[in-house]
Structure formats: structure tokens, C-alpha cells
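Enquirer: Sequence and predicted structure are below.
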Amino acid sequence: MNGSVGALLGLALALGAMLVVVGAPPVRAVKLSQRLAPFLADRAAVAEFAVEPNPVRRWLKPALRASVRWLDRLVGGSESVRRRLGGLGSSSSVEEFRIEQVVWGGIGLIGGAFGLLLLTGVRGGVDPLLSAGGAVLGGIGGVAGRDWYLSRQLRTRERVMLSEFPIIADVMALAVVAGEAPIDAVQRVCRLTSGELTKDLQAALDEARAGTPISSALSELASRSTLDAFSRFVQGLVVAIERGTPLSAVLHAQATDARETAKRALLEAGGQKELQMMVPVVFLILPVTVLFALYPGLLTLVSLSH
């Protein structure tokens, strides 16, 4: 057991040393764009080539970037990740999400390896091959788990946004009917309400105050949102702002459609819960009821047979 543990620790130490050597500047090639970046004032390239003040992060950064590129080529789906991050309203990039996946995969790899190592050690023998298989499965589970958690966050946010949308649309429609301009109506909604939709609208207003045209900010919000009803709502706002078309009837219609959509979602959830409620009834309550009903008669028949 001690020999296998030492072999695993030596393998981990050798792998770490190899990553440090590969990521060191004498071995790592410097791109031409990185050499020219300080003279061309390319901020993105300068930021990429900037020296990290923390030496540990500076050593790990090349290996981490290589792992991110390798994972992106292996897993793919960068457009789906970008869409889900936009739907969450997150400012994180796809590369930052891949870094989180690498971290989750590393935690899963270490956890799987040491978990199976301890399990086999308790049972009386250490199997390095089984531990390596557990490490691979743990790493895959960590990467897939981070992607699943992102999808779960997006579904939760979409449910919250769908419940907030009718109120937002009604308040904005009342403000427009009262004679306010669409931008003023959006500002009033942001002052009077709070929630996920309000955060997105407030972010668009902040971009407009920073100098971005309000129609461009709202169009970007509509393209980034994964909730179709809210995307159509924002696109209607953009059309009303650019062309001056009447908006109150459209807002009322969209609020009605949102309520119908929420009602359908509630009915679908009720149907799913009804099926889930049948599981304990069919597999627990019904067998116990039948047992209580038949057990006295079965006991009587057994006693008569004796």
C-alpha cells in the first residue's frame, strides 16, 4: 500500500514539474502579436501578455490556458455556453467558464482518485489502475457537473423571469398609456420593481447613460436573452423608440401572452407533479393496503391447512 501511494505521489510531482517546465518562458514560445502588442497599444494582447504579480498564478497560467484550449476543443459547444452565460446576465467569458470547468474537473479527478484509493485500502489492497479509472471518471464528472450547473442556473432564472414578466409589461403599459415615452417608462419600471428582468433593463439603461445608443443597448439585451417572450418585448420597445409606433396595445398583448405562457407552464408542472405523486401511491401505499386486506385471510387459510 505504501509503495502504491508513493508511486502516485511521485507521478503527481513529476506531472507538476513537467507543467512548470513547459509553461516557463524559455520553453513557451512568445507569439508575434504578443511581441508587437506594447508598441501597437493592443489592450487585449497586452492584458494577455501582462506579467502576473502572483508567482504561483504566473506559473500556472500557461498550463491553465493550455488546459482550457484543450478542453474547448474536446468538449466544444462554445456558442451554447456563450448563449447560456448571456441568458444569465453574466459578464464572464467562455474562457473563464472553461477555467471553472478545469478547476471542477481537477477537484473531481483528485476526489475520485483518493476516494477509490481509500476504499480499496480499507478493503485490504490498493489497485492503482482502479484509482486511475476513478480519477478519470471524477474528472469527467466535474467537467460535466459544471456544465449541468450552468444549465440549472439558467432554467431557474428563466422561471423567475417568466413570473416577473407580466407585472413588468403591465406597469410599462400603464406608464405609456399615461403619456410617458418608452425610455421614461423603462426608467419608471426600474425604480418601482426589482428582480431579474429589472436588472437586465437597468443594465441596458446604464449602458445608455455611458454613451451607447439606447436602441443598440436594448437590441443587445434582446439578442442575449434566452426568454423568447422577454426578447420579443424588448424588440417591440426598440421598434417603438426608433419609429415612434404606439406601444400600449402591444405591451398589453404581450402581458396577456406572458400570463397564458405562465398558466401553461403551471399546468405542465402540475401534470408532472401528479405523475410523481403516483409513485409512492402505487409502490408504497397500495401494496401496504393490499397486504393489510389479504393478510388476515391468508393467515386463516394457513391455520386451516395445518
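Expert: That came in fine, so what should we check first? Note that the coordinates shown come from a computational prediction; the quantities given were computed from them, not determined experimentally.

Enquirer: any idea how far Pro128 is from Ala113?
Expert: According to CB to CB, to the nearest Å, Pro128 and Ala113 sit 10 Å apart. The way it works is simple: take the backbone N, C-alpha and C, and place the C-beta from them, glycine included.

Enquirer: nope, Lys263 is what I was after
Expert: For Lys263, the distance to Ala113 (CB to CB) stands at 50 Å.

Enquirer: Who has more neighbours out of those two?
Expert: Set side by side, Lys263 and Ala113 show more neighbours around Ala113, with 23 against 10, by other CB atoms under 10 Å.

Enquirer: what residues are up against the nearest residue to the more buried one once chain neighbours are set aside?
Expert: The spatially closest residue to Ala113, leaving aside those adjacent along the chain, is Ala135, at 3.6 Å (CB to CB, 6 or more residues apart in numbering). When contacts are counted by CB atoms under 8 Å, 6 or more residues apart in numbering, Ala135 is found next to Leu109, Ile110, Gly112, Ala113, Leu116.

Enquirer: pLDDT averaged over the host helix or strand of the last one - what is it?
Expert: This points to Leu116. Taking DSSP states H and E as the definition, Leu116 sits inside helix 94-122. What helix 94-122 shows for mean pLDDT is 81.

Enquirer: Can you give me the pLDDT of Pro128?
Expert: 72.

Enquirer: oh, I was asking about Gly23
Expert: The confidence metric pLDDT takes the value 63 at Gly23.

Enquirer: How much space separates Asp147 from Ser223?
Expert: Taking CB to CB as the measure, Asp147 and Ser223 are separated by 22 Å.

Enquirer: and these two? which has more neighbours close in?
Expert: The neighbour count for Asp147 versus Ser223, taken as other CB under 10 Å, is higher for Asp147 (18 against 12).

Enquirer: Report how many residues lie close to the nearest residue to that one once chain neighbours are set aside.
Expert: With sequence-adjacent residues excluded and distances taken as CB to CB, 6+ apart, Asp147 is closest to Gln101, at 6.9 Å. Using other CB under 10 Å as the criterion, Gln101 is surrounded by 23 other residues.

Enquirer: Do I have it right that Gln101 meets Leu150?
Expert: No. In this structure Gln101 lies outside contact range of Leu150 using CB atoms under 8 Å: 9.3 Å.

Enquirer: Which positions within the helix or strand containing Ser231 qualify as buried?
Expert: Using DSSP H and E, Ser231 maps to helix 228-243. Within helix 228-243, the residues scored as buried using 16 or more other CB atoms under 10 Å are Ala229, Phe230, Arg232, Phe233, Val234, Gln235, Gly236, Leu237, Val238, Ala240, Ile241.

Enquirer: could I get those as a markdown table with pLDDT?
Expert: Formatted as a markdown table, those follow (pLDDT from 0 to 100):
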| residue | pLDDT |
| --- | --- |
| Ala229 | 78 |
| Phe230 | 82 |
| Arg232 | 82 |
| Phe233 | 81 |
| Val234 | 84 |
| Gln235 | 84 |
| Gly236 | 79 |
| Leu237 | 81 |
| Val238 | 84 |
| Ala240 | 78 |
| Ile241 | 78 |
